[in-house]
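fold the following, please.
(4 chains)
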Number of protein chains: 2
Amino acid sequence: MNTVRFSKRESILLAAKRIFLLHGYAGASMEAIAEAAPVSKATLYSHFEGKQDLFAAVISLQCEALLDTLVRVQTEVRDPVAGLTAIGRAFVDLIYSEEALTLYRVIIGEQQLFPELGGRVYRTGPEPVLRKLSSYLEDLSVQRVLEIPDVGVSARLFLGMLKGDEHFRCLLGQKEGLSEDEKISLVGAAVDLFLRGHGYAE
Amino acid sequence: MNTVRFSKRESILLAAKRIFLLHGYAGASMEAIAEAAPVSKATLYSHFEGKQDLFAAVISLQCEALLDTLVRVQTEVRDPVAGLTAIGRAFVDLIYSEEALTLYRVIIGEQQLFPELGGRVYRTGPEPVLRKLSSYLEDLSVQRVLEIPDVGVSARLFLGMLKGDEHFRCLLGQKEGLSEDEKISLVGAAVDLFLRGHGYAE
DNA sequence: AGAAAAATGAACTGATACGTTCAGTTTAGA
DNA sequence: TCTAAACTGAACGTATCAGTTCATTTTTCT
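Down below sits the predicted model:
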């Protein structure tokens, strides 16, 4: 019985994720989710309190999944080009993935209804990368590889260059995502400007 | 008759803007808009074809309003610090304004339903600033004030630093907007890093 | 003042959706 | 095989909402 219960619950979450991310919260109906699971509406309501509860569960799950993709990034202090490129690339891979983009769109749109989920999403992605980058910059600064007055400010600027204009266009639906080439050139340009700006003569 | 027609139409647009930007497309009801105008539902439908039509009209109007706030920015080639600061500041003022943020949220959320409006919004704000900045960088490059291999790339990186992390947090509802001090220090840090990165020794 | 246009408000249609209920069926485990 | 839990499907109650209709009133322009 336990295995079935779990399997049903998983089917529901999977279908709900598909439909919520596709149509948004308001645009998704519980009937449609039940049908897609496929599961009876009664079963659906026996596993989740209601629509809001299910939505929150889906978003939490998706957050965890995205966080998992943030694999440990190698950051050697001796080579800031390689280190920044690695962090930058991981960040770009994360925030430009189709899964992340749809998640962002839904959360931003439904933010009035679920204020707490915005924080959850930010803490799952942007924030951990920011922390990792800050501590890496701190290392670089301590070892006098780079001169960085405020690692927090510098970290934000660096990530900003990666997220900036292109990401916004993706959110607005003007762009599907980034191609491999675009990712490489974007990260390269950002790393280059960042290092020059901090007095690193290659 | 013309004056009344116009006034009614304006009331409707004003109320619709308030309610759409507050609750999103799905969360706004035509009854609520009619009530807020205040106007009868029949009148509302005599001025606009339907909900989608009204929504598109509201967004278009809001786009125009935002574009108007993009006052002509002074950009003297001789002083890139002042020029970049001016452009950066205008951009920051625009994209972090409460009006722009709510507009972005609604459009991003309802983007599945109104794919064309995303382009409209991007073309009203980010894009014109990008064009202006690119041509300014071109001037700087031609006059050998800065060395810029690709003005398009550099322009995007600069605007990215201004929009990056903080703006995303605002979209997610984690931040209200930017204070005067935050704006100044953000623009200052971005200009500084950008100029150093392009070999401009102050 | 008088005719024509615009606005009102209230009721109505049709559709959708959340959530519940329940009698009957399937499944799981001892 | 038997029992208890889980599941089904379909109907139901209630609510909301887009959009329409229409008889009546208000406004506007000549």
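
helices along chain A, start to end?
For chain A, applying DSSP state H gives helices covering A:2-27, A:30-36, A:41-47, A:51-68, A:80-95, A:98-109, A:115-123, A:126-142, A:151-171, A:180-197.

mind listing what's buried in the longest one?
If you call a residue buried by 16 or more other C-beta atoms under 10 Å in any protein chain shown, then helix A:2-27 has these buried ones: A:8-9, A:11-13, A:15-21, A:23-27. For the C-beta atoms, the positions are set from N, CA and C on the backbone; glycine is no exception.

which ones, among those residues, also lie beside DNA strand D?
Among these, the residues lying close to DNA strand D (C-beta under 7 Å from any atom of the strand) are A:Lys8.

worst-scoring helix or strand of chain A, pLDDT-wise?
The helix or strand of chain A with the lowest confidence, counting by mean pLDDT, DSSP states H and E, is helix A:2-27 at a mean of 86.

tell me what angle that helix forms with helix B:2-27.
For helix A:2-27 against helix B:2-27, the angle by axes from the mean of the first three to the mean of the last three C-alpha atoms, to 10 degrees is 170 degrees.

is chain B contacted by helix A:2-27?
Yes. Under the criterion of C-beta under 8 Å from any C-beta of the partner chain, chain B is reached by helix A:2-27 at A:22-24, A:26-27.

same check on stretch A:130-141?
Yes. Counting by C-beta under 8 Å from any C-beta, chain B is contacted by stretch A:130-141 at A:Leu130.

what are the contacting residues of that stretch?
A:73, A:75, A:77, A:80, A:83-84, A:87, A:146-148, A:151-152, A:154-156, A:158-159, B:165 (C-beta atoms under 8 Å, 6 or more residues apart in numbering or on different chains).

would you mark the buried spots in that stretch?
In terms of neighbour count (16+ other C-beta under 10 Å), stretch A:130-141 has its buried residues at A:130, A:132-134, A:136-137, A:139-141.

pipe these into JSON lines and attach pLDDT per row.
Shown next, in JSON lines, are these (pLDDT from 0 to 100):
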{"residue": "A:Leu130", "pLDDT": "95"}
{"residue": "A:Lys132", "pLDDT": "93"}
{"residue": "A:Leu133", "pLDDT": "95"}
{"residue": "A:Ser134", "pLDDT": "96"}
{"residue": "A:Tyr136", "pLDDT": "95"}
{"residue": "A:Leu137", "pLDDT": "96"}
{"residue": "A:Asp139", "pLDDT": "94"}
{"residue": "A:Leu140", "pLDDT": "94"}
{"residue": "A:Ser141", "pLDDT": "94"}
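
thinking again about what came up before, run through the neighbouring helices and strands of the least confident helix or strand of chain A.
Using 3 or more C-beta pairs under 8 Å, 6 or more residues apart in numbering or on different chains; DSSP states H and E as the contact test, the elements touching helix A:2-27 are helix A:30-36, helix A:41-47, helix A:51-68, helix A:98-109, helix B:2-27.

how far off centre is stretch A:156-174?
12 Å (C-alpha atoms, centre = their mean, to the nearest Å).

also stretch A:145-158?
22 Å.

do the same with stretch A:33-49
Its chain's C-alpha centre and that of stretch A:33-49 lie 28 Å apart, by C-alpha atoms, centre = their mean.

mind checking the end-to-end distance for it?
Taking C-alpha to C-alpha, to the nearest Å, stretch A:33-49 runs 14 Å from one end to the other.

now what about it, what contacts it?
Identification of contacts with stretch A:33-49 by C-beta under 8 Å, 6+ apart yields A:8-9, A:11-12, A:14-16, A:18-19, A:30-31, A:54, A:57.

where does pLDDT dip in chain A?
Residue ranges of chain A with pLDDT under 70: A:1-6, A:71, A:202.

hmm, try it at 90
A:1-7, A:65-78, A:112, A:125, A:164, A:200-202 (pLDDT under 90).

hmm, back to that, for the contacts of stretch A:33-49, give me TSV that also has distance to B:Thr69.
Converted to TSV, those look like this (distance: C-beta to C-beta, whole Å):
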residue	distance to B:Thr69
A:Lys8	53
A:Arg9	50
A:Ser11	49
A:Ile12	46
A:Leu14	45
A:Ala15	44
A:Ala16	41
A:Arg18	40
A:Ile19	38
A:Met30	42
A:Glu31	44
A:Leu54	41
A:Ala57	41
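
DNA strand C: which of those residues is nearest?
Ranked by distance to DNA strand C (C-beta to the nearest atom of the strand), the contacts of stretch A:33-49 are led by A:Met30 at 3.4 Å.

how close does the closest residue to that closest one other than its chain neighbours sit to DNA strand C?
Spatial nearest neighbour of A:Met30, chain neighbours left out: A:Lys51 (5.8 Å); criterion: C-beta to C-beta, 6 or more residues apart in numbering or on different chains. Separation of A:Lys51 from DNA strand C (C-beta to the nearest atom of the strand, to the nearest Å): 3 Å.

check A:Pro149 too.
Following C-beta to the nearest atom of the strand, the distance that separates A:Pro149 from DNA strand C is 52 Å.

pull the number of nearby residues for that residue.
Other residues within reach of A:Pro149, judged by other C-beta atoms under 10 Å in any protein chain shown, total 10.

show me what contacts it?
Counted by C-beta under 8 Å, 6+ apart, A:Pro149 has zero contacts.

one more time with 10 Å, if that's ok
A:141, A:198, B:189, B:192 (C-beta atoms under 10 Å, 6 or more residues apart in numbering or on different chains).

most surrounded residue in these?
A:His198 (21 neighbours).

surely it meets A:Ile148?
Yes. With contact defined as C-beta atoms under 10 Å, A:His198 counts as touching A:Ile148 (6.0 Å).

name the residues contacting each of these two.
A:137, A:140-141, A:154.

just the closest of those to chain B, please.
Nearest to chain B out of the shared contacts of A:His198 and A:Ile148 is A:Ser154 (C-beta to the nearest C-beta; 7.6 Å).

next, count neighbours for the closest one.
There are 22 residues near A:Ser154, going by other C-beta under 10 Å.
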